[in-house]
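Participant: okay, here's the prediction I keep looking at, along with the sequence it came from:
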Amino acid sequence: MPPKKFGSVALTDPVGTLAGQWRFDNSYLQLPDVFYTCLNPVAVREPKLVLFNQSLADEIGLGFLGSDAAAVDYFAGNVVPPGAVAFAQAYAGHQFGGFNMLGDGRAVVLGEQITPEGKRVDIQLKGSGPTPYSRRGDGRAAMAPMLREYLISEAMHALGIPTTRSLAVVSTGEPVFRQTTQPGAVLTRVAASHLRVGTFQYAAAKGDVENLRALLMYAIRRHYPELEGADNPALALLQRVIDVQATLIVNWMRVGFIHGVMNTDNMTISGETIDYGPCAFMNRYDRETVFSSIDHQGRYAFGNQPGIAQWNLLRLAEALLPLIDDNEDRAIETVKETIGQYAELYTSRFEQMMLNKLGIERKLDETDEQLISDLLDWMTEAQVDYTNTFRELAQAELLLSPVYSSPKFKDWHAKWKARLDRQGESLSAVRDRMNRTNPAYIARNHLVEHALTQAEREMDLEPFNQLLSVLSNPYEHQDGKASYMDPGEHNPGYMTFCGT
């Protein structure tokens with residue numbers, strides 16, 4: 001299929017040093033061309049490799065890139081790898097509740113790398129120049145947001161949470177103009193795919209049922225091939241996405257992660273976390289915590305994330321209605337019943353997750369629910385650190401902090417100890433369960449900001465790499481790393497920003 005050109009002319013590999021070692025496929029281009037525009041990334045002036053994820057490269061069969069200086073041109077978009085047919089995807093999305101037709105405004109997918117295990121992953125360049133979907137944007141990315149995505153996505157991976165990952169960051173040698181002038185960069189993202197709830201909304205909004213059906217069957221073949229023989233493939237896909245998203249959001253709540261932009265174009269069909277713009281980890285426990293500079297109403301606050309996920313899934317269900325049943329009324333009734341499964345799945349998995357955080361193997365009765373609720377109420381009132389509190393509970397003796405001397409906490413602590421006694425496990429088994437569930441190290445906001453500032457302004461990557469190293473092993477105690485557990489001074493005005 002010849003590329004439909006947009007932007008710079010097609011590039012080839014002038015040296016051929018890496019030719020034949022990529023294992024690209026382009027299955028997405030089998031979809032109707034309404035879903036994409038073929039175009040090459042726009043070359044940059046002076047690319048320099050800033051970060052390269054050798055372990056991820058080895059995992060997906062691109063480890064050879066780490067030893068070849070020519071690889072920087074692939075990561076910058078100056079050279080298209082052999083076998084690639086680059087394209088920008090079209091999609092739609094509800095952004096803070098408002099529907100928009102969207103698309104990759106500053107990214108292109110180079111293709112699908114086939115890993116040594118036979119898995120298929122997208123290789124995408126983020127910050128690669130303007131596309132037809134840019135909406136007057138410059139198509140570029142600033143260094144700090146790309147470093148943030150690299151850091152946080154790798155931290156999430158180490159936490160055991162499904163996520164897109166980061167393969168490389170390249171500086172472009174060109175300025176990017178936002179509120180201020182910033183150095184430009186390109187991030188190489190690796191994803192199971194970039195199929196989103198918003199991709200289905202886009203197809204539905206176009207009104208072509210056959211295109212919608214083609215997208216449905218492609219998503220099933222790509223991610224859930226066992227559903228191909230389902231009596232109702234659209235309903236089966238909806239049920240599966242409900243399942244994986246319920247698990248994902250529970251994991252976010254487990255570690256105090258706040259996504260910040262849970263628009264429907266940022267919810268994947270695969271169940272991976274995607275788009276690390278104004279995201280952060282919560283320090284003091286508060287369900288109302290918001291770090292996004294653009295979330296003025298708190299729509300995507302920490303405690304709202306489970307409900308927003310259900311709202312997004314309902315938008316997916318709406319898009320799939322024509323494929324669920326020819327009769328719209330029957331389709332709506334089926335969808336109502338199916339979406340109701342999310343609340344049940346989420347609630348049961350959230351309760352089990354919280355019990356695991358407390359070292360409890362399984363729920364016995366409703367008093368376990370009260371135990372969880374009472375702890376979270378106390379944590380809110382006492383304004384204690386979410387991550388550190390659970391790690392401290394796992395210690396043989398609580399730290400001598402005044403916060404633990406309150407009558408309310410002592411009463412709760414006695415009930416918790418009595419509950420642990422009921423399951424008859426050793427304290428070491430309880431602590432092991434807690435420490436497998438509760439990280440010791442998260443990406444503390446002040447440490448992230450320091451690392452990004454040093455990297456961007458001083459071209460000093462040492463703080464970044466040290467933080468990345470600690471976050472790569474978040475559940476094990478690391479000698480001499482106590483400062484990485486410090487939440488820092490409370491900063492109620494702390495904000496994170498969208499890279500555009």
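Facilitator: Received the coordinates, thanks. Numbers count the residues shown, from 1 in each chain.
Participant: any idea of the mean pLDDT for the helix of greatest length in the chain?
Facilitator: Longest helix of the chain, by residue count under DSSP state H: helix 328-357. Helix 328-357 shows a mean pLDDT of 96.
Participant: so how far is Arg196 from Ala214?
Facilitator: Per Cβ to Cβ, to the nearest Å, Ala214 is found 16 Å from Arg196. For glycine as for every other residue, the C-beta is placed from the backbone atoms N, C-alpha and C.
Participant: so the two - more neighbours on which side?
Facilitator: More neighbours surround Arg196 than the other of Ala214 and Arg196, with 26 against 17 (other Cβ atoms under 10 Å).
Participant: touching, the more buried one and His94? I think so.
Facilitator: No. Using Cβ atoms under 8 Å, Arg196 is not in contact with His94, being 11.2 Å away.
Participant: any shared contact partners between these two?
Facilitator: Taking Cβ atoms under 8 Å, 6 or more residues apart in numbering as the criterion, Arg196 and His94 both touch Thr264, Asp265.
Participant: and the residue lying closest to Lys48 once chain neighbours are set aside, what does it touch?
Facilitator: The shortest distance from Lys48 to any non-neighbouring residue, by Cβ to Cβ, 6 or more residues apart in numbering, is to Ser171 (4.8 Å). Applying Cβ under 8 Å, 6+ apart to Ser171 gives the contacts Glu46, Pro47, Lys48, Val50, Met143, Pro183, Gly184, Ala185.
Participant: CSV for those, including secondary structure, neighbour count and pLDDT?
Facilitator: Shown next, in CSV, are the contacts of Ser171 (DSSP: H, G, I helix; E, B strand; the rest coil; neighbours: other Cβ atoms under 10 Å; pLDDT from 0 to 100):
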residue, secondary structure, neighbour count, pLDDT
Glu46, coil, 9, 96
Pro47, coil, 22, 96
Lys48, strand, 13, 96
Val50, strand, 23, 96
Met143, helix, 26, 96
Pro183, strand, 18, 93
Gly184, strand, 22, 95
Ala185, strand, 31, 97
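Participant: how close does the closest residue in space to Gly63 that isn't next to it in sequence sit to Tyr484?
Facilitator: Residue nearest to Gly63 in three dimensions, not counting chain neighbours: Ala57, with 4.8 Å by Cβ to Cβ, 6+ apart. Separation of Ala57 from Tyr484 (Cβ to Cβ) stands at 26 Å.
Participant: strands of the stretch 201-350 of the chain, start to end?
Facilitator: For the stretch 201-350 of the chain, the strands defined by DSSP state E, counting those that start in this stretch cover 257-258, 280-281.
Participant: now render these as TSV, adding distance to Pro130 and mean pLDDT.
Facilitator: Shown next, in TSV, are the strands of the stretch 201-350 of the chain (distance: least, Cβ to Cβ, whole Å; pLDDT from 0 to 100):
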stretch	distance to Pro130	mean pLDDT
strand 257-258	30	98
strand 280-281	29	96
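Participant: in stretch 315-335, which residues are buried?
Facilitator: Within stretch 315-335, the residues scored as buried using 16 or more other Cβ atoms under 10 Å are 315-325, 331, 334-335.
Participant: got the CA coordinates for that stretch in PDB?
Facilitator: This file holds the C-alpha atoms of stretch 315-335, laid out as PDB (Å, rounded to 0.1, in the frame of the first residue of the first chain):
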ATOM      1  CA  ARG A 315     -19.300   6.000  25.800                       C
ATOM      2  CA  LEU A 316     -17.700   2.900  24.300                       C
ATOM      3  CA  ALA A 317     -21.000   1.000  24.700                       C
ATOM      4  CA  GLU A 318     -22.800   3.800  22.900                       C
ATOM      5  CA  ALA A 319     -20.400   3.600  20.000                       C
ATOM      6  CA  LEU A 320     -21.000  -0.200  19.700                       C
ATOM      7  CA  LEU A 321     -24.800   0.000  19.900                       C
ATOM      8  CA  PRO A 322     -25.400  -0.700  16.200                       C
ATOM      9  CA  LEU A 323     -23.200  -3.800  16.400                       C
ATOM     10  CA  ILE A 324     -24.700  -5.100  19.600                       C
ATOM     11  CA  ASP A 325     -28.300  -5.400  18.300                       C
ATOM     12  CA  ASP A 326     -30.100  -4.200  15.200                       C
ATOM     13  CA  ASN A 327     -32.900  -3.100  17.500                       C
ATOM     14  CA  GLU A 328     -31.700   0.100  19.300                       C
ATOM     15  CA  ASP A 329     -34.000  -0.400  22.300                       C
ATOM     16  CA  ARG A 330     -32.800  -3.900  22.900                       C
ATOM     17  CA  ALA A 331     -29.200  -2.800  22.400                       C
ATOM     18  CA  ILE A 332     -29.600  -0.100  25.000                       C
ATOM     19  CA  GLU A 333     -31.100  -2.500  27.600                       C
ATOM     20  CA  THR A 334     -28.300  -4.900  26.900                       C
ATOM     21  CA  VAL A 335     -25.700  -2.200  27.400                       C
END
